[in-house]
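Student: Here is my input; please provide its structure:
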Amino acid sequence: GVVARHAAAATLAAVAAAVPLARLRAEVADGLATEASFRALDGEEGGDAPSPAPPHPTLALVASLAAWFKADPAGFAWVDAPPCAACGGPTSHAGNSTHVSPAEAAGLAGLVELYRCAGQCGGPSSSPTRFPRLNCPVALWRRTARRGRCGEWANAFGALLAAAGLEARHVVDVGGDHVW
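Tutor: As a prediction, this is how the structure comes out:
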């Protein structure tokens, strides 16, 4: 299943090669230590208001991983419509392919969306930009594939959590087209 693919050795190696896990863990530890120092100082001042509970280390790590995943250039990019493969211009959806290439199949693409250039390449005669909806976490963590929508994000982030030693669930909306 999906969660088993997240914990596979090849997946963990792909994530480890792409994500600065040691740096992120160190930043979380430093942040928690700083928070504890501030709490100690605040307690010495004898304030009347109770202090909020300290952040849980696991939640702090998950928050750090999510922030890196969404904002770092080496993380993931949300894609509604991919840029044109030829000119980088905007594209519009032109349907789905009935053919999945061997490379796309290796990435467990169940669907390949086609997009036509709406920019300088323009026109219906231009070659479509292919957007395979990858389901293989190893393929998703390749530098050229770190983009997608909810399905790709859920797969890639689940693999990131597994590489960090955390458990995750893969939740599918069977009545719609969404994954968490």
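Student: Report the rounded mean pLDDT for stretch 12-31.
Tutor: Computed over stretch 12-31, the mean pLDDT rounds to 90.
Student: Please identify the buried residues of the helix or strand where A66 lies?
Tutor: A66 belongs to helix 57-71 when assigned by DSSP states H and E. Residues A60, L61, V62, S64, L65, W68, F69 are the ones in helix 57-71 that count as buried (16 or more other C-beta atoms under 10 Å). Quick note: C-beta positions are derived from backbone N, CA and C, even for glycine.
Student: The second one reaches L24, doesn't it?
Tutor: Which is L61. Yes - assessed by C-beta atoms under 8 Å, L61 is found in contact with L24 at 7.4 Å.
Student: Sketch out the low-pLDDT regions of the protein for me.
Tutor: 36-55, 122-125 (pLDDT under 70).
Student: residues touching the residue nearest the centre of the chain, list them.
Tutor: What sits nearest the mean C-alpha location of the chain, by C-alpha atoms, centre = their mean, is W153, with 4.0 Å. Counting by C-beta atoms under 8 Å, 6 or more residues apart in numbering, W153 touches F76, W78.
Student: Show me which residues of the helix or strand hosting it are buried.
Tutor: With elements taken from DSSP H and E, the one containing W153 is helix 150-163. The neighbour-count criterion (16+ other C-beta under 10 Å) identifies 151-163 as the buried residues of helix 150-163.
Student: Which one of the residues you listed is nearest to V79?
Tutor: Set against V79, the nearest of the buried residues of helix 150-163 by C-beta to C-beta is E152 (8.3 Å).
Student: now that closest one: how far from A18?
Tutor: Counting by C-beta to C-beta, to the nearest Å, the gap from E152 to A18 is 14 Å.
Student: same thing with P90?
Tutor: Distance check for P90 against A18: by C-beta to C-beta, it reads 28 Å.
Student: One more: E167?
Tutor: To A18, E167 is 20 Å away according to C-beta to C-beta.
Student: cool, and W180?
Tutor: 22 Å.
Student: the more surrounded of the two?
Tutor: More crowded of W180 and A18, by other C-beta atoms under 10 Å: A18, with 19 against 14.
Student: who's in contact with the more buried one?
Tutor: So A18 contacts A74, W141, R143, R146 (C-beta under 8 Å, 6+ apart).
Student: can you pull the contacts of the closest residue to the second one other than its chain neighbours?
Tutor: What that stands for is W141. Of all residues not flanking W141 in the chain, A14 sits nearest, at 4.1 Å (C-beta to C-beta, 6 or more residues apart in numbering). Contact partners of A14, counting by C-beta under 8 Å, 6+ apart, are P137, V138, W141, R142, A159.
Student: Out of the contacts of A18, which end up buried?
Tutor: For those, a burial check counting by 16+ other C-beta under 10 Å picks out W141, R146.
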